[in-house]
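Novice: Got a sequence here, can you build the structure:
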Amino acid sequence: MPELPEVETVRSGLEKWVIGWKISNVEILHSRAVRNNTTYDLRKVLPGRKITKVDRRGKYLWLLLDNNQALIIHLGMSGQVLLPNVVDPPHKHLRVRLLIEKIDKEIHFVDQRTFGHMTLDDLEGGIPKSVKKIAPDVFESEYQQKVVVEKIRKSNSEVKKLLLDQGVMSGVGNIYADEALWRAKVHPQRIGKDLTSAQIVKIIDKCKEVMSQAIAAGGTSFDDLYVNVNGESGYFDRSLAAYGQTGAPCPRPKCRGLITKARFMGRYSHFCTNCQPKSR
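Specialist: Predicted coordinates for the structure are as follows:
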């Protein structure tokens, strides 16, 4: 699933092009892509609306419209937002097409696995109402580190589970949780309340550090399911130290451990057998 760096790459790519574009028509090619629109029919309400801003919180992306509403785009497992050359054949997994008034441009929502969606929502304090339940991410002005540290310190849950909890701190998924915990030298199964405030701060700092580097690299692409708005892949996968590196020597200097993976919480975690002990 695309995580914060991938969604931010898409957001910044859209921002360069779509501000001021006016939607002239909407074509829905798969009903699952708009399944959450119980109040609004996108085909009726989007034509005539102008895009004024492209914003994001965590893994949620939205186009702010000139009527104080937002078109939310959640990429799910395989969603893509593309700005194609309209003379080329459309992608075989095209789900929603937004046609733009007076210019030969379109915005395509592509989703092979159809877990993503586009939803129109009203704003509340500048944030779509349905996104308000998501905690601010580390790049937002609303983010409060003291609040996040306190939530983790009071919890009996494993620290990786807490990093993945979008109600604690949004945007972090499996890839960047593993990378941040490796950088912080903390085992993913350590319990939140057993960590010191300093350890938690270090973990959060490493989350921001690794995601900043991933954004600079255009995100992480293992296949063609994640690409930016121009259809290009990110290359942060070349810099991964733990995630997906099972059996490789730990890249930390002088560490003699191996990167291993263990299944808990219904997914695999990757960590070093030496510098990330389960208890310390």
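
Novice: Now do the domain split for this structure, please.
Specialist: Using automatic domain parsing, the domains assigned to the chain come out as 4-131, 145-238.

Novice: and of these, who's closest to residue 249?
Specialist: Relative to residue 249, the nearest member of the domains of the chain by C-beta to C-beta is domain 145-238, separated by 13.0 Å. Where you see a C-beta, it was placed from the backbone N, CA and C, and this is true even at glycine.

Novice: Same list, the domains of the chain, but as TSV with mean pLDDT and distance to residue 256 please.
Specialist: What follows is the domains of the chain, written out as TSV (pLDDT from 0 to 100; distance: least, C-beta to C-beta, whole Å):
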stretch	mean pLDDT	distance to residue 256
domain 4-131	96	30
domain 145-238	96	14
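
Novice: JSON lines please, covering those domains and showing distance to residue 278.
Specialist: As requested, the domains of the chain are arranged in JSON lines below (distance: least, C-beta to C-beta, whole Å):
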{"stretch": "domain 4-131", "distance to residue 278": "27"}
{"stretch": "domain 145-238", "distance to residue 278": "5"}
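
Novice: can you redo these as CSV with distance to residue 137 and mean neighbour count?
Specialist: Below are those laid out as CSV (distance: least, C-beta to C-beta, whole Å; neighbours: other C-beta atoms under 10 Å):
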stretch, distance to residue 137, mean neighbour count
domain 4-131, 5, 18
domain 145-238, 4, 19
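
Novice: what ranges do the strands span in the stretch 151-280 of the chain?
Specialist: Under the criterion DSSP state E, counting those that start in this stretch, strands of the stretch 151-280 of the chain are mapped to 259-264, 267-272.

Novice: Do I have it right that residue 90 meets residue 96?
Specialist: No. Taking contacts as C-beta atoms under 8 Å, residue 90 lies outside contact range of residue 96: 11.2 Å.

Novice: overlap in contacts of those two?
Specialist: In the contact map built from C-beta atoms under 8 Å, 6 or more residues apart in numbering, the residues linked to both residue 90 and residue 96 are residue 108.
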